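**Q** the sequence isn't on hand, but the structure is:
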């Protein structure tokens, strides 16, 4: 507890995330008791007499546990990336897809699917596509010899438009019965085929980028004061913005190559984070990470439990995110008056 007797928001979010994780392991069309979940997991390290069937062990360890880990990682990465973009661009409507990361990842994945590549190469191609989009947007900014965030955002809009056109051409060339459904479902986001083998290759990139953003988050507050004020306080604005954009892009690209494109998470979760932590990025970044993880765990559990077939994640996040986005616009409109 804090000195005034209140429980810290981080502690509450951590408990809620842990509870949601346990619920995710138990809930679904095949219900598993909490006792069996804990016994199955603990039995991997502590020998004990199995009182559960092989189906329970397969469901918990091979299906739901990898999905839980992926939801936690993807949700936190998208939320932290969104909070970072919003801080450095001084715009609460900025999102991880701002610089064309989502569209570039879709193009990379579509190209790999069109060539008949396996799941690993689809992931790798999606990661490279997302990073390539931001590199091109940065090069366009350099061409105009500007370090303005506005020029960078406009460059991202240009790259996004080009990538959408390329994606359209790739989809037009795909087989409508086998390849086109794969990229369409991938565009809507899903964790249905998640395994620990798919998680491991992207963990180093996620860990490094997340660590850098956590270490630099106090400088985001200085950038929010404006470039001139930040320079007067000794901040190398171009270097800080470049590193943070690169790390936020890495987080988004790693998340997208795991789950496909999941909209709204990087936009609405930082909004809720600011309601709890305020504009201070030092507090906002860890709170956004936990909120993003909690949100996506709940959404993924609902996606595989609400209907007889699995619902793509972007459909559910859109149903939640669109009304919140309208609320954000309304609040901004009122603040301008």
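**A** Sure, I can see it. The structure displayed is predicted, hence computed values, not measured ones.
**Q** burial count for residue 62?
**A** 11 (other Cβ atoms under 10 Å). In this view, the C-beta of every residue, glycine as well, is placed from N, C-alpha and C.
**Q** quick check: the gap between it and residue 274.
**A** According to Cβ to Cβ, to the nearest Å, residue 62 stands 38 Å off from residue 274.
**Q** same deal with residue 154?
**A** Distance from residue 154 to residue 274, by Cβ to Cβ: 25 Å.
**Q** give the residue farthest from the middle of this structure.
**A** residue 49 (39.2 Å; Cα atoms, centre = their mean).
**Q** buried residues in stretch 121-141?
**A** 121-134, 136-138, 140-141 (16 or more other Cβ atoms under 10 Å).
**Q** in contact with the most centrally placed residue in the chain, which residues?
**A** By Cα atoms, centre = their mean, the chain has its centre lying nearest to residue 78, at 2.4 Å. Counting by Cβ atoms under 8 Å, 6 or more residues apart in numbering, residue 78 makes contact with 96, 251-252, 255, 262, 265-266, 269, 292, 296.
**Q** same question, residue 13
**A** Counting by Cβ under 8 Å, 6+ apart, residue 13 touches 287, 290-291, 294.
**Q** with residue 133 instead?
**A** 99-101, 103-105, 156, 159-160, 163.
**Q** ok, which pair from the residues you listed is furthest apart?
**A** 105 and 156 (13.6 Å; Cβ to Cβ).
**Q** have a look at these two and say which one is more surrounded.
**A** A count of neighbours by other Cβ under 10 Å puts residue 105 above the other of residue 105 and residue 156, at 32 against 25.
**Q** burial of the nearest residue to residue 225 once chain neighbours are set aside, as a residue count?
**A** Nearest residue to residue 225, sequence neighbours excluded (Cβ to Cβ, 6 or more residues apart in numbering): residue 233, at 7.8 Å. Using other Cβ under 10 Å, residue 233 is surrounded by 10 other residues.
**Q** hang on, the earlier thing: between residue 154 and residue 274, who's got more neighbours?
**A** residue 274 (19 against 15).
**Q** and the gap between residue 30 and residue 87?
**A** Distance from residue 30 to residue 87, by Cβ to Cβ: 42 Å.
**Q** can you check residue 243 too?
**A** 13 Å.
**Q** of these two, who's got more company?
**A** Neighbours of residue 243 and residue 87, each counted by other Cβ under 10 Å, are more numerous for residue 87; the result is 25 against 16.
**Q** which non-adjacent residue is nearest that one?
**A** Residue 87 sits nearest to residue 220 (Cβ to Cβ, 6+ apart), 3.9 Å away.
**Q** contacting residues for the one you found?
**A** Counted by Cβ under 8 Å, 6+ apart, residue 220 has contacts 84, 87-88, 244, 281, 285.
**Q** tell me which two of these sit farthest apart.
**A** 88 and 285 (12.1 Å).
**Q** where's residue 287, which helix or strand?
**A** Element membership for residue 287 (DSSP states H and E) is helix 281-303.
**Q** chain center to that helix: distance?
**A** Centre-to-centre, helix 281-303 and its host chain are 9 Å apart (Cα atoms, centre = their mean, to the nearest Å).
**Q** repeat that for stretch 86-101.
**A** Averaging C-alpha positions (Cα atoms, centre = their mean) puts stretch 86-101 13 Å from its chain's average.
**Q** tell me what whatever helix or strand comes next after the helix holding residue 287 is packed against?
**A** For helix 281-303, the following helix or strand on the C-terminal side (DSSP H and E) is helix 313-336. Judged by 3 or more Cβ pairs under 8 Å, 6 or more residues apart in numbering; DSSP states H and E, the packing partners of helix 313-336 are helix 179-188, helix 265-277, helix 281-303.
**Q** let's see that with 10 Å instead.
**A** Packing partners of helix 313-336 (3 or more Cβ pairs under 10 Å, 6 or more residues apart in numbering; DSSP states H and E): helix 65-88, helix 179-188, helix 265-277, helix 281-303.
**Q** what comes up buried for the third one?
**A** Buried residues in helix 265-277, counting neighbours by 16+ other Cβ under 10 Å, are found at 265-274, 277.
**Q** repeat for the shortest one
**A** For helix 179-188, burial by neighbour count (16+ other Cβ under 10 Å) applies to 179-180, 182-183, 186-188.
**Q** quick check: neighbours shared by residue 243 and residue 87?
**A** Residues touching both residue 243 and residue 87 (Cβ atoms under 10 Å, 6 or more residues apart in numbering): residue 219.
**Q** least reliable of the helices and strands packed on helix 313-336 going by mean pLDDT?
**A** Lowest mean pLDDT of the helices and strands packed on helix 313-336: helix 179-188, a mean of 82.
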